[in-house]
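Novice: I'll drop the sequence and a predicted model, then ask my questions.
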Amino acid sequence: RGKRSKQGVELAFEEANALLDQLGFQVRPFGGRSVLVEGIPAELQNWDEGAVLLGMLDDLAENRETKRLPLRDKVLATFACRGAIMIGKKLSAAEMRALMDQLFATSLPYTCPHGRPTLFRIGLDDLGRKSHRT
């Protein structure tokens with residue numbers, strides 16, 4: 001997927017700014033095509049020097065062009081995926097338990113906001129083969 005046009009990203013920002021504010025992003029225009037980020041959501045695990053917000057705006061611009069989801073749904077789904085804990089990040093046992101508790105407190109715990117599975121069933125035989133113990 002290619003990057004959206006700068007105009008598309010600017011329009012996506014204008015449309016989604018109130019929703020971004022509700023999520024905890026404090027962003028305001030800063031002249032030209034620049035914005036000033038004064039705050040980010042406290043629970044955001046993966047800010048990545050602003051790449052998360054830029055990626056969200058790119059996703060919103062794409063959605064604006066395709067009209068796949070209502071704006072609110074797309075903002076929330078994109079925030080959830082862009083701000084997710086990345087593969088390879090080490091978590092403590094307490095963090096893992098809290099994450100599972102949060103997952104199962106949702107109405108749809110078996111898929112991410114984009115429909116990809118969050119859980120996989122692995123039988124004991126498969127687990128043994130994968131760990132080279134048969």
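Specialist: Good, I have the coordinates. Given the structure is predicted, the values throughout are model-derived calculations rather than measurements. Numbering: from 1, shown residues only.
Novice: show me the contact partners of the helix or strand where Phe13 lies.
Specialist: Assessed by DSSP states H and E, Phe13 sits inside helix 6-23. Helix 6-23 has contacts (C-beta atoms under 8 Å, 6 or more residues apart in numbering) with 4, 27, 33, 35, 41, 53, 56-58, 60-65, 71-72, 75-76, 79. In this view, the C-beta of every residue, glycine as well, is placed from N, C-alpha and C.
Novice: in helices, which of those appear?
Specialist: If you go by DSSP state H, the contacts of helix 6-23 have 53, 56-58, 60-65, 71-72, 75-76, 79 in helices.
Novice: can you flag the buried ones in the contacts of helix 6-23?
Specialist: Among these, those scoring as buried are 4, 27, 35, 41, 53, 56-58, 60-64, 71, 75-76, 79 (criterion: 16 or more other C-beta atoms under 10 Å).
Novice: just the buried residues of the helix holding Phe13, please?
Specialist: 8-13, 16, 19-20, 23.
Novice: kindly reformat the residues you listed as CSV containing pLDDT.
Specialist: Below are the buried residues of helix 6-23 laid out as CSV (pLDDT from 0 to 100):
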residue, pLDDT
Gly8, 71
Val9, 74
Glu10, 80
Leu11, 82
Ala12, 81
Phe13, 83
Ala16, 84
Leu19, 86
Leu20, 87
Leu23, 85
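Novice: what's the most distant pair in these?
Specialist: Gly8 and Leu23 (20.6 Å; C-beta to C-beta).
Novice: got the angle for the helix or strand of the chain with the lowest mean pLDDT vs helix 6-23?
Specialist: Here the helix or strand of the chain ranked lowest by mean pLDDT, DSSP states H and E is helix 71-82, holding a mean of 78. When axes from the mean of the first three to the mean of the last three C-alpha atoms, to 10 degrees is applied, the directions of helix 71-82 and helix 6-23 differ by 80 degrees.
Novice: identify the residues contacting Asn53.
Specialist: Careful, residue 53 is Leu; it's not Asn. By C-beta under 8 Å, 6+ apart, Leu53 lies in contact with 20, 25, 27, 37, 40.
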